[in-house]
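K.L.:
Any chance you could fold what I've pasted below:
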Amino acid sequence: MLRTHSAIVLRPTPFQEGGLVVSFLTEHGERLVGLAKGAKKPSAKWVASFEPLSLVTVSFFGKEHVELRRITRCDLQHSPLVLGHLDSNLVVACLADLFDRIAKEGMEDERLFRLLSACARALKQNPDRALAVLAYAEHWLLHCLGLLPHPRTCGRCGREDTPLVLFREEYGWCCSACTPTDPLEALPPGAKEHLRQLRTCSAEDAPDPGGTEAAHAITELLRNRLLREVGGARSYEVLHRMMT
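P.N.:
Predicted coordinates:
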């Protein structure tokens, strides 16, 4: 059976005899894996098509329920990689790693494809804002996973007119009216406003994750929550080392 998809490359892994095992996120939000024989050979016609986050048209040959299908064609449509731009390329690796861990074969979630496509376009358009795009993606991935309730109301008392001071997994966002908190441990002022901006802006207009104290605190909180969920990611360790 031959299947053709519009898809985003996630992770290429070297295989025997110059081949690659490549995971993709399809336009339906499903993770698929295929074998590209000889893809790493200098003469390979599609070697540039397997860079992480590249948008491609890919054809697979194999039975419906076979875990590893053969890639028969892969045409590059768009790549977010920017030569010489370290921050952006590190963020590309982090995003590819996250989506490769979260997307599942046999489970479709079109929100994942739309989110990753938007982030790839934003990275290409303005690579200098790569860290803002990463924080935007982390926020929406938690939402897609059902792990991030709406910040409009307090998860404990339901009030909408009080500042958020804490995030607890059993309640979600908690406010100052019902959650006594040490001022040194509470979320900085402006946390609700930063979360509102994340929910309403586009990937291109994502707020600076270090622009305010509240933005920095929210970014760290959501990133740690997401990495706990996926069991950590080596790409983030590389990003942290390079950025410090």
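K.L.:
switch to C-alpha atoms for all contacts and neighbour counts from now on
P.N.:
Will do.
K.L.:
Apart from its chain neighbours, what residue comes closest to the most centrally placed residue in the chain?
P.N.:
Residue closest to the average C-alpha location in the chain (CA atoms, centre = their mean): residue 95, at 4.0 Å. Counting by CA to CA, 6 or more residues apart in numbering, residue 134 is the residue found nearest to residue 95 once chain neighbours are left out, at 7.1 Å.
K.L.:
what about that neighbour, which helix or strand?
P.N.:
helix 130-144 (DSSP states H and E).
K.L.:
Would you mind identifying the next helix or strand past that helix?
P.N.:
Note on helix 130-144: by DSSP H and E, the next helix or strand toward the C-terminus is strand 164-168.
K.L.:
buried ones in that following strand?
P.N.:
Residues of strand 164-168 classed as buried by neighbour count (16 or more other CA atoms under 10 Å): 164-167.
K.L.:
How about stretch 221-228?
P.N.:
So for stretch 221-228, counting by 16+ other CA under 10 Å, buried means 222-223, 225-226.
K.L.:
ok, longest strand in this structure?
P.N.:
Looking across the chain with DSSP state E, the single longest strand is strand 2-15.
K.L.:
and the gap between residue 74 and residue 39?
P.N.:
Remark: distance between residue 74 and residue 39 (CA to CA, to the nearest Å) = 10 Å.
K.L.:
still on that earlier bit, average model confidence for the helix holding residue 134?
P.N.:
Computed over helix 130-144, the mean pLDDT rounds to 97.
K.L.:
And the strands in this protein?
P.N.:
Ranges of strands in the chain, per DSSP E, are 2-15, 19-26, 31-36, 55-61, 69-78, 164-168, 172-175.
K.L.:
so which of those strands gets nearest residue 84?
P.N.:
Set against residue 84 and scored by CA to CA, these come closest in strand 69-78, at 17.7 Å.
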